[in-house]
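>>> kindly return the folded structure for what I paste below:
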Amino acid sequence: MAPPHSAAAIGIYCHVPFCASTCDFCAFYQEKPRRGDLERYLRAMDMEFVQLPRDREVDTVFWGGGTPGLLAAKDLERLGVSLLKNLNAPPIEWTVEMAPSTVKADKLALLKDLGVTRISMGVQSFQPPLLDSLGRLHNLKQIHLAWERVQAAGFAQTNLDLMFAIPGQSLDQWEADIRQAARLTPAHLSTYCLTFEEDTALYVKLSQGKVSIDEEKELRFYERGWELLGELGYAQYEVSNFARPGSECIHNMNTWRMHEWIGCGPSAASQYRGERYQRPANLDAWCMAIEAGESPKIERVQLDDDLLLADAVIFGLRMNKGIDLDSLAKRFKGAGNFGVLEAKLANFEHEGLVYVEGGHYRLSHRGRLLCDAIGGKLMESTEPD
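As a prediction, the model looks like this:
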């Protein structure tokens, strides 16, 4: 099968696996920042960037982690220059995640000079007790100082990450966090419901009965957040993402639309040339493979149009614009069972979960609250006869 969007631009995701400490909720692969490991990582990234295809444009780059901002300015410069050397042209959007405790003026100036367009800062909460309960290292003073530096650096786009349904968090605290974030005037806000991932400290607490999940309360957090962010001028464009006009994250939207991207670095995922795969979630194993001139792939999944259609429908419906079945039918010609899919969407419309305009479908307010359950039912509909 020819890969979808074979002539379209692709995205690049770079995983920087180093963290000073592990947050209680985090399940992403990470390592302590030892200098020898960092030097080896940078050399391996140089080699992995050389493997990037030269026949495709790259329109978006996203550096995540881990904590990319933990790298010193000279290391960020090396990583950025190395990447740019292997691209045909600078990306139109380049996002770097930073933790408040890692934001320094010299790093920001360097990133701006490289062409970074968006800084995304993980705040999670402005409530000190909640930050402590999440295992976050930063404090309120660091948040405000970091944000002053980000704004002074003059990046085209800025984002703040917030978290809700934290054990012990009240609805009033959630509202206060949203208002405080909005007062900092970021162009974009991401709001994530706390999830209990296996192999995290929070999951252990859940299994021990020290914390619990309250799904009804989670729904109230969702609804109040959506309502208040709208009042404060942030338009929802995806279940967890809100932006001022023109400030949506292109990299993420391309991912949700099942475009192609290449992941670089240990544990990074890719969707490229008809395949999904990951790099090994182990710094040594990844480095050894890259140093040997290999392109290590684990958890490989061969993609076909049926699978891509299923994900395009499910992730597409998470976006407020929804999906257009006519466009999807042209893109994934012969895939799935559109008759069953349309019938199920019609049932969701009858239940008040979906709005329908011609061949265009988008979730209602109640539908967005139930989007995971809706996605599960729709996945069955995209399987071929």
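>>> domains of the chain?
Listed domain ranges for the chain are 10-256, 322-381 (source: automatic domain parsing).
>>> export these to JSON lines and tack on mean pLDDT and distance to residue 264?
Bear in mind the C-beta positions are built from the backbone N, C-alpha and C, glycine included. Rendered in JSON lines, the data for the domains of the chain read as follows (pLDDT from 0 to 100; distance: least, C-beta to C-beta, whole Å):
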{"stretch": "domain 10-256", "mean pLDDT": "88", "distance to residue 264": "5"}
{"stretch": "domain 322-381", "mean pLDDT": "89", "distance to residue 264": "27"}
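>>> most tightly packed of the ones you listed?
Using mean count of other C-beta atoms under 10 Å, the stretch among the domains of the chain with the largest mean neighbour count is domain 10-256, at a mean of 18.
>>> ranges for the strands of the stretch 51-200 of the chain?
58-65, 93-98, 118-124, 157-164, 188-193 (DSSP state E, counting those that start in this stretch).
>>> a markdown table for these, including distance to residue 139?
Converted to a markdown table, the strands of the stretch 51-200 of the chain look like this (distance: least, C-beta to C-beta, whole Å):
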| stretch | distance to residue 139 |
| --- | --- |
| strand 58-65 | 20 |
| strand 93-98 | 16 |
| strand 118-124 | 11 |
| strand 157-164 | 16 |
| strand 188-193 | 21 |
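>>> among those strands, which is nearest residue 349?
Of all the strands of the stretch 51-200 of the chain, strand 188-193 sits nearest to residue 349, with 25.9 Å by C-beta to C-beta.
>>> what are the C-alpha coordinates of the closest one, in CSV please?
Presented in CSV, the C-alpha positions along strand 188-193 are these (Å, rounded to 0.1, in the frame of the first residue of the first chain):
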residue,chain,number,x,y,z
HIS,A,188,-2.8,28.5,23.8
LEU,A,189,-3.9,26.4,26.8
SER,A,190,-3.9,22.6,27.1
THR,A,191,-5.9,21.1,29.9
TYR,A,192,-5.4,17.4,30.8
CYS,A,193,-7.4,15.2,33.0
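>>> name the residues that touch that strand?
Under the criterion C-beta atoms under 8 Å, 6 or more residues apart in numbering, residues 118, 120, 157-165, 178, 181-182, 218, 221-222, 225, 229, 234, 240-244, 247-249 lie in contact with strand 188-193.
>>> report the angle between it and strand 93-98.
For strand 188-193 against strand 93-98, the angle by axes from the mean of the first three to the mean of the last three C-alpha atoms, to 10 degrees is 50 degrees.
>>> give me the sheet partners of strand 188-193 and which way each runs.
In the sheet, strand 188-193 lines up against strand 157-164 (parallel), strand 241-243 (antiparallel) (DSSP bridges).
>>> now what about the last one, what contacts it?
Residues outside strand 241-243 that contact it (C-beta under 8 Å, 6+ apart): 187-191, 229, 234-237, 248-249, 252.
>>> okay, the domains of the chain in CSV with distance to residue 299 next?
As requested, the domains of the chain are exported to CSV (distance: least, C-beta to C-beta, whole Å):
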stretch, distance to residue 299
domain 10-256, 13
domain 322-381, 19
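>>> element containing the residue most central in space within the chain?
By C-alpha atoms, centre = their mean, the chain has its centre lying nearest to residue 252, at 6.1 Å. Assigned by DSSP states H and E, residue 252 belongs to helix 250-256.
>>> if anything else comes up later, I'll come back, but that's it for now.
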